[in-house]
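Trainee: here's a sequence, model it:
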Amino acid sequence: MVTATRPAARAVVAEVVDPEMPMLTLDDLGVVRAVEEDGDAVSVTITPTYSGCPAIEAMRDDIRARLTEAGYARVDVRTVLSPAWSTDWISADGRRKLAEHGIAPPARVGPRSTGPIPLTLTPPSATVACPRCGSPATEEFSRFGPTACTALRRCTACKEPFEHVKEI
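Mentor: Next comes the predicted model:
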């Protein structure tokens with residue numbers, strides 16, 4: 001039961017920002033799987049962007065802190081790894097926010113096939129448009145950026161470097 005003085009748990013969780021990309025909420029990023037409220041108890045289920053995500057503890061702590069501040073006495077944050085998170089779960093608003101902050105959003109991956117996932121050791125050949133000028137003439141110069149889920153690229157048209165969220 002939600003009281004008139006306490007916001008709905010789902011609304012509180014929807015505003016928690018990602019610790020690595022603070023222009024996005026965890027909702028924008030698509031890691032919030034479920035929020036179940038029962039009186040003053042809340043259970044939140046999240047899926048990290050990848051199983052070794054170093055920000056998962058910070059995500060859990062931030063969710064707990066925000067819900068506690070909102071008046072919930074018991075907060076449980078659970079992590080599930082299946083189904084695995086996909087960059088397709090980033091919301092349209094999240095993709096827009098990334099581009100507005102100079103980070104190229106990932107392309108859509110589409111439905112996943114079942115069975116073994118092929119391993120390639122070469123970088124993807126996808127065209128990534130520059131988030132600053134829109135040119136498709138960009139090149140990757142580092143497969144890893146400030147976070148494991150980003151790559152560093154540069155635009156050969158405007159010469160600006162930028163991050164790109166890698167497709168998963």
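
Trainee: quick one, domains of this structure?
Mentor: Listed domain ranges for the chain are 9-79, 91-108+123-165 (source: automatic domain parsing).

Trainee: next, the residue most central in space within the chain: phi, psi?
Mentor: In the chain, the C-alpha closest to the average C-alpha coordinate belongs to Leu29, at a distance of 3.0 Å (C-alpha atoms, centre = their mean). Main-chain torsions, Leu29, degrees, to the nearest 10: phi -70, psi -20.

Trainee: burial of Ile63, as a residue count?
Mentor: 23 (other C-beta atoms under 10 Å). Every C-beta, even on glycine, is put in place using the N, C-alpha and C of the backbone.

Trainee: a markdown table for the domains of the chain, including mean pLDDT and distance to Trp85?
Mentor: Formatted as a markdown table, the entries for the domains of the chain read as follows, by pLDDT from 0 to 100; distance: least, C-beta to C-beta, whole Å:
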| stretch | mean pLDDT | distance to Trp85 |
| --- | --- | --- |
| domain 9-79 | 95 | 5 |
| domain 91-108+123-165 | 91 | 10 |
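
Trainee: Pro116: which of the ones you listed is closest?
Mentor: domain 9-79 (17.2 Å; C-beta to C-beta).

Trainee: show me where this structure has its strands.
Mentor: Along the chain, the stretches classed as strands by DSSP state E are 32-38, 41-46, 74-79, 103-104, 138-142, 150-155, 161-165.

Trainee: give me the sheet partners of the fourth one and which way each runs.
Mentor: Looking at strand 103-104 with DSSP bridges, its partner strands are strand 161-165 (parallel).

Trainee: list the buried residues for stretch 12-27?
Mentor: For stretch 12-27, the neighbour count (16 or more other C-beta atoms under 10 Å) marks Val12, Val13, Val16, Val17, Asp18, Pro19, Glu20, Met21, Leu24, Thr25, Leu26, Asp27 as buried.
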